[in-house]
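Peer 1: Build me a model from this:
(one chain, ligands or ions: 2)
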Amino acid sequence: MEVEEAPQAGPSAEPGQGPLQKADNLPWIEKYRPQTFQEIVGNEDTTNRLSVIAKQGNLPNLIIAGPPGVGKTTTILCLARILLGPAFKDAVLELNASNDRGIDVVRNKIKMFAQQKVTLPPGRHKIIILDEVDSMTEGAQQALRRTMEIYSNTTRFALACNYSEKVIEAIQSRCAILRYSRLTDAQVLARVIQVCQQESVEYTQDGLEAIVFTAQGDMRQALNNLQSTFNGFGVVNSTNVLKVCDEPHPMLIKDMLNSCVTGDVRKAFKIVDHLWSLGYAAEDIIKNIFKVCKNMDMEESLKLAFIKQIGVTHMRIVDGLCSLVQMSGLISRLCMEAKGVKGE
Ligand SMILES: Nc1ncnc2c1ncn2[C@@H]1O[C@H](COP(=O)(O)OP(=O)(O)OP(=O)(O)O)[C@@H](O)[C@H]1O
Ligand SMILES: [Mg+2]
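Peer 2: Ligands and ions are numbered 1, 2, ... in the order given. Here you go, the predicted model:
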């Protein structure tokens, strides 16, 4: 479930606004958006490097690439806030996918901003933030390449994207590329516990595990699911979390995989049939089977064989072959793998 980004509080928020001054009606993802590098969880190597750059001031043109909800936009906003301090308002132009960013905007708005004179501390530059740059058309990206060079003595570009390969090579070669990876379960859990304590959320251990499991390293999704469960049910336990996220119960899937390991086709099929009758789509089920299998406690070589079969089935489902027969085929192949019979 991809959660739409809420309207950004970041750029319009006063620079230096500490985490203590929080409005109550903000979504938690905004309320707990880190304001300093120390607060950003994970990808320490990169954030450490950036915090050194932020102190020295000579920012190169940057691309931060990585999966959703791991802190790319947050990092860039922190960087700009530290570099520019009170000048943040005048010296930052932020354009994201919700703004029009066609070729005309690059030619007019971006150029105009780059030409503007702004008084800045010595050694600092104006910053143009292009968020979700992979959604810009190629034409618009092409129009950027020369602009980036011409104004390099006054303006720097900070770009964020999910897929760096969608940024044209010419721009990639003009930027330092930093890659963010998914956060680990422990990192997400620690942050979620912190938020629970600050918001006095009543939670159970298995509830938090369900939050971490459903988020899969996406901090935004973890915080959103936490808030939705809290608002909807009050108590954050695994049943409530799974209701909010509407995902097949991981315990059922675990049971199913264990049945495959012991070769019990009937029981495994019964579970999948049950999930099917609850209305879950094949893609939801297969994604969950993968997530659960990845963390299962089982013999390594068998796990690899399972993951291979799950991958093949996932591919077929994405191709449109998403019937219950497809799922039963998977079960039979998993059972065969467990018995050491070569499938296919
Ligand atoms: N590393 C992190 N540490 C703490 N909180 C985080 C981190 N990453 C994300 N968050 C939380 O998730 C929210 C969204 O993060 P952010 O906007 O930086 O994601 P993003 O990487 O830019 O994602 P997208 O690719 O979807 O734009 C933040 O407001 C914050 O609450
Ligand atoms: Mg972002």
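
Peer 1: For the helix or strand bottoming out on mean pLDDT in the chain, list every residue counted as buried.
Peer 2: The weakest-scoring helix or strand in the chain, judged by mean pLDDT, DSSP states H and E, is helix 103-105 (a mean of 82). Neighbour-count burial for helix 103-105 flags 103, 105 (criterion: 16 or more other CB atoms under 10 Å). (C-beta placed from N, C-alpha, C; glycine too.)

Peer 1: The chain should start at 21 in everything you say after this.
Peer 2: Yes, from this point I'll number from 21; that puts the last item at helix 123-125.

Peer 1: Mind giving me the packing neighbours of that helix?
Peer 2: helix 158-170 (3 or more CB pairs under 8 Å, 6 or more residues apart in numbering; DSSP states H and E).

Peer 1: Could you list the buried residues of the helix it packs on?
Peer 2: For helix 158-170, by 16+ other CB under 10 Å, it's 160-161, 163-165, 167-168.

Peer 1: What residues sit buried inside stretch 133-152?
Peer 2: 133-134, 138, 140, 144-152.

Peer 1: mind listing what Ala117 touches?
Peer 2: 151-152, 155 (CB atoms under 8 Å, 6 or more residues apart in numbering).

Peer 1: can I get these in a markdown table with secondary structure, pLDDT and distance to Val221?
Peer 2: Listed next are the contacts of Ala117 as a markdown table, based on DSSP: H, G, I helix; E, B strand; the rest coil; pLDDT from 0 to 100; distance: CB to CB, whole Å:
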| residue | secondary structure | pLDDT | distance to Val221 |
| --- | --- | --- | --- |
| Asp151 | coil | 88 | 30 |
| Glu152 | coil | 88 | 31 |
| Ser155 | helix | 86 | 34 |
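
Peer 1: Distance to Leu350 for the residues you listed - can I get that in TSV?
Peer 2: Formatted as TSV, the contacts of Ala117 follow (distance: CB to CB, whole Å):
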residue	distance to Leu350
Asp151	39
Glu152	35
Ser155	34
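
Peer 1: and stretch 69-85, anywhere near ligand 1?
Peer 2: No - judged by CB under 6 Å from any ligand atom, stretch 69-85 stays clear of ligand 1, getting no closer than 7.9 Å.

Peer 1: avg pLDDT for that stretch?
Peer 2: The average of the pLDDT scores along stretch 69-85 is 87.

Peer 1: who's in contact with the least confident helix or strand of the chain?
Peer 2: With CB under 8 Å, 6+ apart, helix 123-125 has contacts from 115, 119, 157, 159-160, 163.

Peer 1: Who are the packing partners of the helix or strand that Gly349 is a member of?
Peer 2: Taking DSSP states H and E as the definition, Gly349 sits inside helix 344-359. Judged by 3+ CB pairs under 8 Å, 6+ apart, the packing partners of helix 344-359 are helix 270-281, helix 285-297, helix 302-314, helix 320-338.

Peer 1: And that helix, how far out from the chain middle?
Peer 2: 32 Å (CA atoms, centre = their mean, to the nearest Å).

Peer 1: between that helix and helix 270-281, how many degrees?
Peer 2: On the basis of axes from the mean of the first three to the mean of the last three CA atoms, to 10 degrees, helix 344-359 is oriented at 60 degrees to helix 270-281.

Peer 1: Could you pull out the buried residues of helix 344-359?
Peer 2: By neighbour count on 16+ other CB under 10 Å, the buried set for helix 344-359 is 347-351, 353-358.

Peer 1: Which one of these is nearest to Leu298?
Peer 2: Met347 (13.2 Å; CB to CB).

Peer 1: ok, now which ones touch the residue nearest to the closest one when sequence neighbours are not counted?
Peer 2: Spatially, and ignoring its direct neighbours in sequence, Met347 is nearest to Val292 (4.9 Å; CB to CB, 6 or more residues apart in numbering). Counting by CB under 8 Å, 6+ apart, Val292 touches 276, 305, 344, 347-348, 351.

Peer 1: can you name the two of these that are farthest apart?
Peer 2: Met276 and Leu344 (13.7 Å).

Peer 1: On the three-state scheme, the most centrally placed residue in the chain is what?
Peer 2: Per CA atoms, centre = their mean, the C-alpha nearest to the average position across the chain is that of Pro88, at 2.2 Å. Counting by DSSP: H, G, I helix; E, B strand; the rest coil, the backbone at Pro88 sits in coil.

Peer 1: Touching, it and Ala242? I think so.
Peer 2: No - using CB atoms under 8 Å, Pro88 makes no contact with Ala242, being 11.8 Å away.

Peer 1: Could you report the distance from Cys342 to Asn308?
Peer 2: The spacing between Cys342 and Asn308, counted by CB to CB, to the nearest Å, is 14 Å.

Peer 1: And Asp124, by the same measure?
Peer 2: Asp124 is 45 Å from Asn308, by CB to CB.

Peer 1: Sweet, I'm off.
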